[in-house]
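Participant: Coordinates only, no sequence provided:
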């Protein structure tokens with residue numbers, strides 16, 4: 001049973017994802033997420049990332065990342081140096 005005043009992660013995640021999607025391409029600060037009723041915004045954003053949402057972090061806040069944009073966590077793939085090219 002859920003305690004009164006405590007929202008479940010699914011509710012928080014859905015609201016946070018909606019706020020980030022509506023604000024795109026602008027960044028949303030954690031303070032703004034709190035003002036919009038999202039409890040524990042940093043934890044919620046972190047858990048959205050774990051769930052597979054592409055999120056970009058900046059000093060200005062967070063936003064959904066455009067699909068296909070490389071991130072520091074996923075460097076571009078490099079060809080192995082010890083492999084010979086295929087004919």
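Facilitator: Cool, the structure landed. Here the structure is a predicted model, which means the values were calculated and not measured.
Participant: Please identify the buried residues of stretch 14-32?
Facilitator: In terms of neighbour count (16 or more other CB atoms under 10 Å), stretch 14-32 has its buried residues at 15, 16, 17, 19, 20, 23, 27, 28, 32. Any C-beta I mention is one placed from the backbone N, CA and C, and that applies to glycine too.
Participant: Which of the residues you listed fall in strands?
Facilitator: Assigned to strands by DSSP state E, none of the buried residues of stretch 14-32 qualify.
Participant: Out of these, flag the one nearest to residue 43.
Facilitator: Comparing these against residue 43 with CB to CB places residue 16 closest, at 10.2 Å.
Participant: Give me the pLDDT for the closest one.
Facilitator: Note for residue 16: predicted pLDDT of 92.
Participant: My read is that it contacts residue 37, right?
Facilitator: No. Residue 16 is beyond contact range of residue 37, at 9.8 Å (criterion: CB atoms under 8 Å).
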